[in-house]
Structures are given as C-alpha cells and as structure tokens.
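Sequence and computational prediction follow.
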Amino acid sequence: MSVALEAVGFAPVGLVELPFRDGYVPSIVVVSLYVSLVAVSLSTLVSVPVAVTMGFLEFPGKSLVKSVINTGMGFPSVVVGLVVLFVVSNQGPLGSFELIFTREAMILSQFVLATPPITAISLAAITGVDDGVREAASALGGTRVDVALVVLKEARYGIATAILAGFGRAISEVGSVLIVGGNITSADGISKTRTLTTAIQLEARQGRYETAMILGAVLVVLVLTVNTIVVRLGDGNAPR
Amino acid sequence: MLRATDVTHAYDAEPVLTDVSLVVDPGEVLALIGPSGVGKTTLLRILGLSLEPTAGTVTFDRTDVWAADTARRRALRRRTGTVFQAASLFDASVARNVEYGLRVRRSWRERIRSGLRGLVGREDVSGSVHDALGVVGLPDAASRSADSLSGGEAQRVSFARALAYDPDLLLLDEPTSDLDPRNTAVVEDAVERASDRDIGVVVATHDMNQAERIADRVAVLLGDGVTEVGPTEAVFDDPHDDRTRQFIAGELVY
C-alpha cells in the first residue's frame, strides 16, 4: 500500500507555501477513500441481499430484525469503535490477525456503521416499489428471481441513495476510526491510518488551523464529488 | 382450452366466488360483467393461473393446473397474458417493457448477452415487439421512455406487453375504465385483433355497452356466483335469470 501512496502523491502547488510536507494530504485522502470505499462496498454486498430477502419473504422475527437494523442506524460510532477495538485486540476473538491500528480494523468498524443505514434505506426503497409492478412481472411469466430483479431495478435510485448515505456516514466518521485506527502516520509524515476526519481533529487541536481548514475543504469536495458521480450514474441508467 | 369447474374462492373465510364454472375457447371474447366488488378480479386471477382457488378445478388444455408440478404450472401460466386496470409499466423504455415477456422466457445466457449488447447501445427491437406495438397503434413508441407516456398510451403499451409473447389466453381487468373514448376504441380494436389471432380473451368490465360491442359471449357475475353465461345477444336481449335481467335493465342496485 505504501508504494501506491507515494505514486499518488501530487506535490502541492509551488506558488503557495503550504504548512505541511509533500504527500501528507494526498496520503490522508487515499487512506480515507480506501477505508470508506472498501467498507461501503462490503456493506453493500451484505445490505442489498438482506434488504431484498426482507422485502420479499415473511419470516418469524422479521420485525425484530427490522428494529435491530433501525437501532443500528443511530448507534453511537464511538461505542462501535470500542467494541471493534476489543474484538481485534490481542485478547479479542480476532486478536491473532493483529488487526489493531490497521486500515483493516478501520474498515471493520466502518462496515459495522455503514451496514444498518444502507440496509434500512434499501429496504424502504424496495418495499416502496408499486405492487402492480411485481404483479405485472409475475403475470408476464417472470419467475421469483425475475420479479426480484425488476423490483431491484425499480428501486435503483433508492438503493443508490442508501449507498451514498452509507458512504457519507463512513467518510465523515471520527470516533470509531480514531479508536481502532489510532490516527497514525509513519516517520516521514505519510498517513498510515490517518483519515481526513482524524487529521482535522488533530490539526485543529494542535492549533494548525490552516491545515485543518484545507483538510476540511478537501473532505467536503470529496463527498460532493462522490455524490455527483453517483447521481450522474443514476441518470445515465435512465432509459434513452 | 381453459375450463374452470365449480370454482370457489374465499379470502380468510370471506367467500368471494361460489361454484363458478366457465369455459374459454381459442379465439373467442368472453366478457365478465358485474358490479364492482363482485369478484371479477379474483376470478381473472384464477383464470390467469396465478391464484389457486379454495375449491374447484381449473384445467388448461386438459391439464389440471393446481395438480401439476410448479414447472408445468409455470409453463401453462406463461401461455396466458394479463392486462391490469393500472398499466404498471416498468421504469424503462417502451421496447424494454413490451419485450419483458419474451426476455424472461429466454435462457440466462441469452439474456446476459442481450443485456451486454444493450449496454453498448446496440439494443435491437425484435419483430414481435414491433408487431405488438402496431396492434395498439403505437408503432413508433419503442424508444420512448415509459414515464413519458400519457395514461391511455401507457395502458396500450401494457396491452402490447401482454401480447408480444403471443399468449393463447389474454385476461383484461377493466382495461379501459380510465381511458378516453379514442384510447378505448384502440384497445377494443386490439381485442378484436387478438381474437383474430386465435387468442382467447376474457374481459372483466362494468361497461355493458363495451361488453355488447366486443364480446362473443357474456358471463354475468352477481352476488357470489355466475348467474348467467351465454352468447352476448341472448344474455342482453333475453336473459333467463331474473337477477341478470334486473342488472342489465339497471334496476339491480348494489
């Protein structure tokens, strides 16, 4: 990963004296994006099938599962971080993998945080699809799989919104990544587990407000860019 | 072709249909008339093989539908087409909508291949999609998106969608109740053309004039069962059953 980080490192513009060394900001951006994107991708892989299953099947305990998911949406991230910290710590069940203060541990906690909103919003989108559409797909000869595919397609904007919401939660999250990741840079000042949010927190606390501001602006631009791309993709899928 | 014998249906012990027996032959248009809430939609779903009646048998080409295994039943169900009161089009192009029935009948391999072709913009519209759109008077609508259609056009596309895979039996649930006279005329014309293609058509309608215009035979559904079935003229001009006579004369109010 460190090779990749250096490759991405674009030097800050020479005109302005920037209050940090070359490669610092890009490396933080890469860690932030890497952790959030991987976590949200994994969450999506779990959430969407769960939402589809819950949208189509009736099973005992369904409302319990639903309320667990809804509770998960508002779960305090610091507590998630704490629990993940225990799980990956030396005494924890995943201790032998030595994940503590790694990006993988951060991915794990982001995954736990992003999965409930993605599942809940996807489920709302799926159950919101008009029953007439399901009935039509089935009457036209569709199997249960065909009907599910039609419903997924009808709910695609809602599911995209769900994934965006999950990404938004992951990339702007501070508490849990600070606990399980440790906000570490290597000796040459390149981020190991430092994300935009934890960096902002640190820089602001140490009084380097310009750096904190720049990082904050980068974070906002990043979130806006990802949102725009996803919305554009959604438009592109619309029928021509 | 399709025969329902002593079909009874109840939702949670609330009887909707009692001992209904009907036959639909290829190429004939059978109108189901009766007031709202009398079980026309339930009967259509039973005739469309998507709802198992509480009692009674439904046979399609002499196969007992609900005694057959799932695969056999699906094969039979795929020979029927249903047009609902609401168009319920998929959020896609008109061509994709009309093609749907054909698409789900293809193998997954073919479907993935044509899906990939569609991604690079080489979506070809098959002949039967064009034909079906032609029948409902929308030959040039293939590339339009479903949400750009007016209500009448959407209902006509919904009709074309059920026609595209050439079913043997077509079930229409109040297909024109939300349509203006012009769109209604197009749909009625499409019904006639479907029956010319030897498709058996069942139309549930509360519009008796429409039944008189398009149907070869009429089944009158009152209360919880069929009070009279027969050739359109005979039922309208000289009904045997007293309640049917009152209903047709507009004296029976529900």
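Ah, there it is. Residues are numbered from 1 along each chain as shown, chains lettered A, B, ... in the order given.

tell me how far the ends of stretch B:167-176 are from each other?
End-to-end distance of stretch B:167-176: 20 Å, with C-alpha to C-alpha, to the nearest Å as the criterion.

Give me the mean pLDDT for that stretch.
The average pLDDT for stretch B:167-176 rounds to 93.

Same question for stretch B:23-31.
Averaging pLDDT along stretch B:23-31 gives 94.

Check stretch A:134-143 too.
In this model, stretch A:134-143 carries a mean pLDDT of 91.

For the residue of chain A found nearest chain B, give its distance to residue B:166.
Using C-beta to the nearest C-beta, the closest approach of chain A to chain B is made by residue A:132 at 3.3 Å. C-beta here means a position set from N, CA and C on the backbone, and glycine is covered the same way. Summarising the geometry, the distance separating residue A:132 from residue B:166, computed by C-beta to C-beta, to the nearest Å, is 23 Å.

Same check on residue A:141?
Applying C-beta to C-beta to residue A:141 and residue B:166 gives a distance of 12 Å.

now residue B:144
In this structure, residue B:144 lies at 23 Å from residue B:166, with C-beta to C-beta as the measure.

Next: residue A:191.
Noted for residue A:191: a distance of 63 Å to residue B:166, by C-beta to C-beta.

Compare those two (neighbour count), which wins?
Neighbours per residue, other C-beta atoms under 10 Å in any protein chain shown: of residue A:191 and residue B:166, the larger number sits with residue A:191, 26 against 16.

And what about the closest residue to residue B:39 other than its chain neighbours, helix, strand or coil?
Spatially, and ignoring its direct neighbours in sequence, residue B:39 is nearest to residue B:16 (4.2 Å; C-beta to C-beta, 6 or more residues apart in numbering or on different chains). Local secondary structure at residue B:16 is given as strand here, using DSSP: H, G, I helix; E, B strand; the rest coil.

longest helix of the chain?
Since no chain was named, I'll use chain A. The longest helix of chain A (DSSP state H) is helix A:24-56.

my question was about chain B
In chain B, taking DSSP H as the definition, the longest helix is helix B:181-196.

Just the element for the closest residue to residue A:227 other than its chain neighbours, please.
Taking C-beta to C-beta, 6+ apart as the measure, residue A:227 lies nearest to residue A:164, with 6.0 Å between them; neighbours along the chain are not counted. With elements taken from DSSP states H and E, the one containing residue A:164 is helix A:156-171.

ok, which residues in chain A are in contact with chain B?
Residues of chain A found near chain B (C-beta under 8 Å from any C-beta of the partner chain) are A:130, A:132-133, A:135-143, A:146, A:150, A:153-154, A:238-240.

which of those count as buried?
Applying a neighbour-count criterion of 16 or more other C-beta atoms under 10 Å in any protein chain shown, the buried members of these are A:133, A:135-142, A:146, A:150, A:153-154, A:239.

and the residues you listed as JSON lines, adding distance to residue A:101?
Converted to JSON lines, these look like this (distance: C-beta to C-beta, whole Å):
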{"residue": "A:133", "distance to residue A:101": "48"}
{"residue": "A:135", "distance to residue A:101": "53"}
{"residue": "A:136", "distance to residue A:101": "53"}
{"residue": "A:137", "distance to residue A:101": "49"}
{"residue": "A:138", "distance to residue A:101": "52"}
{"residue": "A:139", "distance to residue A:101": "56"}
{"residue": "A:140", "distance to residue A:101": "55"}
{"residue": "A:141", "distance to residue A:101": "55"}
{"residue": "A:142", "distance to residue A:101": "50"}
{"residue": "A:146", "distance to residue A:101": "47"}
{"residue": "A:150", "distance to residue A:101": "46"}
{"residue": "A:153", "distance to residue A:101": "42"}
{"residue": "A:154", "distance to residue A:101": "43"}
{"residue": "A:239", "distance to residue A:101": "48"}
